[in-house]
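Enquirer: Requesting a structural model of the entry that follows:
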Amino acid sequence: MVQDARQFLTELFEVAVAAADPRGTLARHLPPVPKGRAVVIGAGKAAASMAQAVEENWHGPLEGLVITRYEHGLPLTKIKVVEAGHPVPDAEGAKAADDILRLLDGLTEDDLVLCLISGGGSSLLAKPGDGITLEEKKAVTKALLASGANITEMNTLRKHLSAIKGGRLAVAAYPAKVVTLMISDVPGDDPAVIASGPTVPDATTSADARAVLEKYGIDIPPSIDAYLKSPASETPEPDHPAFANAQSIMIATPQESLQAAADLAAAKGITPVILGDRIEGEARDVAADMAAIARQVKLHDQPAAKPCVLISGGETTVTVKASDGETGRGGRNAEFLLALADHLDGLEGVNALACDTDGIDGTEDNAGAILTPDTLARAQAKGLEAKDYLARHDSYSLFEALGDLIKTGPTRTNVNDFRAILIR
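Expert: Residues are numbered from 1 along each chain as shown. Below you'll find the model as predicted:
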């Protein structure tokens, strides 16, 4: 029987992250060494650790460049690692995207392009379409991040504003063989959505991208409006010959991480209940639903008897409205937990953890936080009103004051959010 809830929940998170570590999953998926050149390219929060795993397990000549988030890099010998801006693109990412395209110039059928893709690649692989400035793309990205748009909607727009995503990278590599190794951070593990699918066919259209802008009322400059109405914004057709010579392999998924955590819980005598690996929605709305499930378990032993742990993944969103006024600090996981605390209202025997598996909750320095039955009481004892912090999206500050933030530093992988609610 688990005695220390905090330690138990932290161990579940650590196991979930370890299950997605490319150092343990990538090597068995490597293709044979080609007759010609082997060029490694890639982008994402896990790009450096994936490239490291390639270097350690490749038996032949190797060259390449990958882009990762600031402070997520690693010192490699054959593959250059560039750090760039995330979640808002910057000039370093744009320059590195151009460098990747130059690496692909002049490849032949004897050459291999090994593409390493993980969550975060959409922002990092930044090359706006013709006529769109980087500043304009940054402004649209910021508006999207605050709008509450889900990852599929965001990446639909990103693909149609890009000169490199939405399958265009595979076209640039043609006629070389392209093998893409992917770590999924999206609901459903759709290769076309992960990092905006730079090497896979895209089924969306520019009209779909415009619909996202209209849905969330995002203003755009004339250059973006004109580009989205031009044929240049359409992604390559699925029957392009480049895709016939391209293969995508998933090396880590959210479900595998959830299952690893569930297996550990079961080994410790706690019944695991996996609620889903693709849960989306407003963080505080998801919290309301999960609080209701936790209360049902606590009071009625349904859908599982106590002690049990509710495990889930996916990606929630936080919508920041002008009416919210001045906002504070906090990512979607900390906001989920603060809303969960509000709904549970000190329900005895319920502890919870919510963290981003990349180690960064939004743009802060924490992976997430821990909730205990006395979270609200301890906050009140310090003169902190949780509802006020939730109203201004300042969950980081409240959990920091309580000493309940979880800080792991960059994990260099990313299978999205991990949530675990222990009920005893």
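Enquirer: you'd agree residue 306 is up against residue 297?
Expert: Yes. Taking contacts as C-beta atoms under 8 Å, residue 306 lies within contact range of residue 297: 6.3 Å. C-betas here are computed from N, CA, C, even on glycine.
Enquirer: So which of those two has more stuff around it?
Expert: residue 297 (24 against 15; other C-beta atoms under 10 Å).
Enquirer: how close does that one get to residue 371?
Expert: Applying C-beta to C-beta, to the nearest Å, the value for residue 297 to residue 371 is 16 Å.
Enquirer: Give me the neighbour count for residue 324.
Expert: Neighbourhood size, residue 324 [other C-beta under 10 Å]: 13.
Enquirer: Worst mean pLDDT across the helices and strands of the chain, which element?
Expert: Within the chain, no helix or strand scores below helix 134-147, which has a mean of 91 by mean pLDDT, DSSP states H and E.
Enquirer: Now do the helices in the stretch 1-150 of the chain.
Expert: 5-19, 22-25, 47-57, 91-103, 121-124, 134-147 (DSSP state H, counting those that start in this stretch).
Enquirer: Which among those is found nearest to residue 40?
Expert: Minimum separation from residue 40 across the helices of the stretch 1-150 of the chain (C-beta to C-beta) falls at helix 47-57, 5.9 Å.
Enquirer: for the stretch 101-250 of the chain, what spans make up the strands?
Expert: Listed in chain order, the strands found in the stretch 101-250 of the chain under DSSP state E, counting those that start in this stretch are 112-117, 177-183, 246-252.
Enquirer: Same list (these) but as a markdown table, adding mean pLDDT.
Expert: A markdown table is the format used below for those (pLDDT from 0 to 100):
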| stretch | mean pLDDT |
| --- | --- |
| strand 112-117 | 98 |
| strand 177-183 | 98 |
| strand 246-252 | 98 |
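Enquirer: How far does the helix or strand hosting residue 290 sit from its chain's centre?
Expert: Taking DSSP states H and E as the criterion, residue 290 maps to helix 283-300. In terms of C-alpha atoms, centre = their mean, to the nearest Å, the centre of helix 283-300 is set 24 Å apart from its chain centre.
Enquirer: then the next helix or strand after it to PDB, C-alphas only?
Expert: Going down the chain from helix 283-300, the next helix or strand is strand 308-317, by DSSP H and E. This file holds the C-alpha atoms of strand 308-317, laid out as PDB (Å, rounded to 0.1, in the frame of the first residue of the first chain):
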ATOM      1  CA  CYS A 308      -7.200   3.800  -7.300                       C
ATOM      2  CA  VAL A 309      -5.500   6.300  -9.500                       C
ATOM      3  CA  LEU A 310      -7.100   8.100 -12.400                       C
ATOM      4  CA  ILE A 311      -4.500   8.500 -15.200                       C
ATOM      5  CA  SER A 312      -4.900  10.600 -18.300                       C
ATOM      6  CA  GLY A 313      -3.100  12.300 -21.100                       C
ATOM      7  CA  GLY A 314      -3.800  14.700 -23.900                       C
ATOM      8  CA  GLU A 315      -3.500  18.500 -24.100                       C
ATOM      9  CA  THR A 316      -5.900  20.900 -22.500                       C
ATOM     10  CA  THR A 317      -6.000  24.600 -23.300                       C
END
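Enquirer: roughly how far out does the following helix or strand past strand 308-317 sit from the chain middle?
Expert: Past strand 308-317, further along toward the C-terminus, the next helix or strand under DSSP H and E is helix 332-344. Put simply, helix 332-344 sits 20 Å off its chain's centre (C-alpha atoms, centre = their mean).
Enquirer: same thing with stretch 228-236?
Expert: Centre-to-centre, stretch 228-236 and its host chain are 26 Å apart (C-alpha atoms, centre = their mean).
Enquirer: Please apply the same query to stretch 281-291.
Expert: Averaging C-alpha positions (C-alpha atoms, centre = their mean) puts stretch 281-291 19 Å from its chain's average.
Enquirer: Could I get the average pLDDT for it?
Expert: On average, the pLDDT along stretch 281-291 is 97.
Enquirer: buried stuff in it?
Expert: For stretch 281-291, the neighbour count (16 or more other C-beta atoms under 10 Å) marks 281-284, 286-287, 290-291 as buried.
Enquirer: And for stretch 45-63?
Expert: Using 16+ other C-beta under 10 Å as the test for burial, stretch 45-63 gives 45-55, 58, 62.
Enquirer: what about dumping the CA coordinates of that stretch to PDB?
Expert: As requested, the backbone C-alpha atoms of stretch 45-63 are provided in PDB (Å, rounded to 0.1, in the frame of the first residue of the first chain):
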ATOM      1  CA  LYS A  45      11.600  19.500 -27.900                       C
ATOM      2  CA  ALA A  46      13.100  16.000 -28.200                       C
ATOM      3  CA  ALA A  47      15.200  16.700 -31.300                       C
ATOM      4  CA  ALA A  48      18.500  16.800 -29.500                       C
ATOM      5  CA  SER A  49      18.000  13.600 -27.500                       C
ATOM      6  CA  MET A  50      16.700  11.900 -30.600                       C
ATOM      7  CA  ALA A  51      19.800  13.000 -32.500                       C
ATOM      8  CA  GLN A  52      22.000  11.800 -29.700                       C
ATOM      9  CA  ALA A  53      20.400   8.400 -29.900                       C
ATOM     10  CA  VAL A  54      21.000   8.300 -33.600                       C
ATOM     11  CA  GLU A  55      24.700   9.200 -33.200                       C
ATOM     12  CA  GLU A  56      25.200   6.500 -30.500                       C
ATOM     13  CA  ASN A  57      23.600   3.800 -32.600                       C
ATOM     14  CA  TRP A  58      24.400   4.700 -36.300                       C
ATOM     15  CA  HIS A  59      27.100   2.600 -38.000                       C
ATOM     16  CA  GLY A  60      28.100   4.800 -41.000                       C
ATOM     17  CA  PRO A  61      28.800   8.300 -42.200                       C
ATOM     18  CA  LEU A  62      26.400  10.900 -40.800                       C
ATOM     19  CA  GLU A  63      25.700  14.600 -41.000                       C
END
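Enquirer: Alright, calling it a day.
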